[in-house]
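Asks: attaching a predicted model along with its sequence, questions to come.
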Number of protein chains: 2
Amino acid sequence: MKEIKIIAFDADDTLWINEPYFQETEHKFCALLEDFLPHHTVSQELFRTEMENLPLYGYGVKGFMLCMIETIAKVTDNKAKLELVNKTIQLGKELLQKPIELLDGVEGLLRKLNGDYRLVLATKGDLLDQERKLINSGLEKHFHHIEIMSNKKKEDYQKLFKHLDCSPQHFLMVGNSIKSDVMPVLELGGNAIHVPYHTTWAHEQVNQTIDQPDFIQVKKISEILEHLN
Amino acid sequence: MKEIKIIAFDADDTLWINEPYFQETEHKFCALLEDFLPHHTVSQELFRTEMENLPLYGYGVKGFMLCMIETIAKVTDNKAKLELVNKTIQLGKELLQKPIELLDGVEGLLRKLNGDYRLVLATKGDLLDQERKLINSGLEKHFHHIEIMSNKKKEDYQKLFKHLDCSPQHFLMVGNSIKSDVMPVLELGGNAIHVPYHTTWAHEQVNQTIDQPDFIQVKKISEILEHLN
């Protein structure tokens, strides 16, 4: 990959752990409802509720909390006690206060790249929550610009390019989601490196093989150094 | 006011109606609970809950919804039916889909200023919701830059100045909140014009008289033209 001037990093499950925390919360939530329905049925209904509400709520923990609460009424036919709603709010508040655990090699990589490239953080989720995670991560100092996006579709990246005053061939996106970090960037003529994480939210999963020169997949984030010159 | 290069506008209750919609929702919410407690007691408890959760949820409708739900359990001592939670979620979803009603003179003012100044929108709230309102307002085309902020304190404006590459004396903030739009900007050496709105959220209310040359109060937003040259 040549001519790269700006490297943008996804945050959740690219720089730090995120999805396992959501899954842990969902697991505890399903356990609250196991007198009514088995875990996987509650999970399915929760996912359906999340997809229904996504255009209205967007991404992030607060929308997830509201969807869990809505799911309680659905799966219990309004018969659950209000107590369960309280417990669910508590689970959400705990999720909002999880410690930040950096993934292997992240800190060293950013230190090495800084100076040679302009580094950008490009993430989606709740504004305040993503800011909190960035501050707690200690990584803020490495980034020239922080972009918290309501979505990561083609038009969102177009806005980002314009905002950064960067043409796509000089832009590299690094992230764990083929759907959000790779495909839209490649379609616009940019570069992308996929760093898979061991678990992915169902909404981000795609079945697609990508075979084009501007795309690379690596096993560990530190490997991206080998592809830059 | 001389030397102004960038004019930043607050959005909610400065460019379009917002607080009356929140108050209408709160009124309907209190009505749901009137079998348990009088309106003003529920309102008080809701406000207390909002203030408690503000550091965790930040500003915006989704946090407001979660606080209403939490308040149900508090004021009914967990005795309310789950049905009330559903109705509250419905109220929140309606609030998220309110039409955008521009305040008087806004469109014409922005058209006149555009070209002579770089116009910025600086607002706080849920990311997706503020974007939705901006798109539905039809005002997006007038703005050079959109900044959706998690807060509007001194340090948040400092970041904004840095981001816009603008020194405070060239920056004018226009908004309806003395606390969020005026005071922090003046403290940093910037300029501010206060356009009071007929109703203000309790959290934004301050009792303070401001008497300094960089501050002006106008009755209608179109009047700011008279103070620019």
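Replies: Done, it's in.
Asks: and chain A, which residues reach chain B?
Replies: When proximity is defined as CB under 8 Å from any CB of the partner chain, chain A approaches chain B at A:56-58, A:62-63, A:65-66, A:69-70, A:72-73, A:76, A:78-83, A:85-86, A:89, A:92-93, A:96-97, A:126-129, A:131, A:145, A:148-151, A:163. Just so you know, the C-beta spots here come from the backbone N, C-alpha and C atoms, and that holds for glycine as well.
Asks: ok, which stretches of chain A are strands?
Replies: Secondary structure of chain A by DSSP state E: the strands cover A:6-9, A:118-124, A:145-149, A:171-175, A:191-194, A:215-217.
Asks: now the buried members of the residues of chain A next to chain B.
Replies: Taking 16 or more other CB atoms under 10 Å in any protein chain shown as the criterion, what is buried in the residues of chain A next to chain B is A:56-58, A:62-63, A:65-66, A:69-70, A:72-73, A:76, A:80, A:82, A:85-86, A:89, A:92-93, A:96, A:126-129, A:131, A:148-151.
Asks: gap between A:Asn136 and chain B?
Replies: 14 Å (CB to the nearest CB, to the nearest Å).
Asks: that residue: what's it in contact with?
Replies: Neighbouring residues of A:Asn136 by CB atoms under 8 Å, 6 or more residues apart in numbering or on different chains: A:99-100.
Asks: re earlier: need the winner for burial among the strands of chain A.
Replies: Highest mean neighbour count of these: strand A:171-175, a mean of 27 (counted as mean count of other CB atoms under 10 Å in any protein chain shown).
Asks: list of residues touching that one?
Replies: Residues outside strand A:171-175 that contact it (CB under 8 Å, 6+ apart) are A:1, A:4-10, A:14, A:122, A:157, A:161, A:164, A:181-182, A:185, A:190-195, A:221, A:224, A:228.
Asks: dump it to PDB, restricted to CA.
Replies: Extracted C-alpha coordinates of strand A:171-175, given in PDB (Å, rounded to 0.1, in the frame of the first residue of the first chain):
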ATOM      1  CA  PHE A 171      -6.900   6.900   3.000                       C
ATOM      2  CA  LEU A 172      -6.600   3.600   4.800                       C
ATOM      3  CA  MET A 173      -9.300   2.200   7.100                       C
ATOM      4  CA  VAL A 174      -8.300  -0.400   9.700                       C
ATOM      5  CA  GLY A 175     -11.100  -2.300  11.500                       C
END
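Asks: that strand vs strand A:118-124, what angle?
Replies: Interaxial angle, strand A:171-175 versus strand A:118-124 (axes from the mean of the first three to the mean of the last three CA atoms, to 10 degrees): 50 degrees.
Asks: what mean pLDDT does strand A:171-175 have?
Replies: Average pLDDT, strand A:171-175: 97.
Asks: next one: it to chain centre, how far?
Replies: Distance of strand A:171-175 from the chain centroid (CA atoms, centre = their mean, to the nearest Å) equals 14 Å.
Asks: and stretch A:159-171, by the same measure?
Replies: Between the mean C-alpha location of stretch A:159-171 and the chain-wide mean there is a distance of 21 Å, by CA atoms, centre = their mean.
Asks: can you list the buried residues in that stretch?
Replies: For stretch A:159-171, the neighbour count (16+ other CB under 10 Å) marks A:160-161, A:164, A:166, A:168-171 as buried.
Asks: now the terminal residues of it, how far apart.
Replies: 13 Å (CA to CA, to the nearest Å).
Asks: now do stretch A:161-180
Replies: From its first residue to its last, stretch A:161-180 covers 15 Å (CA to CA).
Asks: ok, stretch A:161-179 next?
Replies: End-to-end distance (CA to CA), stretch A:161-179: 18 Å.
Asks: how close does A:Asp181 sit to chain B?
Replies: 18 Å.
Asks: now do the longest helix along chain A: which elements does it pack against?
Replies: If you go by DSSP state H, chain A has its longest helix at helix A:39-57. The contact analysis (3 or more CB pairs under 8 Å, 6 or more residues apart in numbering or on different chains; DSSP states H and E) places helix A:39-57 against helix A:19-32, helix A:61-76.
Asks: of these, flag the one that's most buried.
Replies: Note that of the helices and strands packed on helix A:39-57, helix A:61-76 is the most buried (mean count of other CB under 10 Å), with a mean of 22.
Asks: what angle sits between it and helix B:61-76?
Replies: 50 degrees.
Asks: give me the mean pLDDT for helix A:61-76.
Replies: On average, the pLDDT along helix A:61-76 is 97.
Asks: that helix packs against which elements?
Replies: Using 3+ CB pairs under 8 Å, 6+ apart: helix A:61-76 touches helix A:19-32, helix A:39-57, helix A:82-95, helix B:61-76, helix B:82-95.
Asks: if we use 6 Å, what do you get?
Replies: Counting by 3 or more CB pairs under 6 Å, 6 or more residues apart in numbering or on different chains; DSSP states H and E, the packing neighbours recorded for helix A:61-76 are helix A:39-57, helix A:82-95, helix B:61-76, helix B:82-95.
Asks: and that helix with helix B:39-57, angle?
Replies: 120 degrees.
Asks: got the angle for helix A:61-76 vs helix B:82-95?
Replies: Using the same axes, to 10 degrees: helix A:61-76 against helix B:82-95 is 140 degrees.
Asks: least confident of the strands of chain A, on average?
Replies: When these are compared on average pLDDT, strand A:215-217 comes out lowest at a mean of 88.
Asks: contacts made by that strand with the rest, please.
Replies: The set of residues external to strand A:215-217 that reach it, using CB atoms under 6 Å, 6 or more residues apart in numbering or on different chains, is A:186, A:192-194, A:227.
Asks: ok, so of those residues, who is nearest A:Glu107?
Replies: A:Ile193 (17.9 Å; CB to CB).
Asks: report the beta-bridge partners for that closest one.
Replies: Here A:Ile193 sits in beta bridges with A:Val174, A:Ile216, as judged by DSSP bridges.
Asks: for it, give me its contacts.
Replies: Counted by CB under 6 Å, 6+ apart, A:Ile193 has contacts A:174, A:216, A:224.
Asks: now do it against B:Cys67, distance only.
Replies: Here the criterion is CB to CB, to the nearest Å. By it, A:Ile193 lies 41 Å from B:Cys67.
Asks: check A:Ala8 too.
Replies: Shown here: A:Ala8 relative to B:Cys67, a distance of 34 Å by CB to CB.
Asks: now for chain A, the helix or strand with the poorest mean pLDDT.
Replies: The least trusted helix or strand in chain A, going by mean pLDDT, DSSP states H and E, turns out to be strand A:215-217, with a mean of 88.
Asks: and that strand, how far out from the chain middle?
Replies: How far strand A:215-217 lies from its chain's middle: 19 Å, per CA atoms, centre = their mean.
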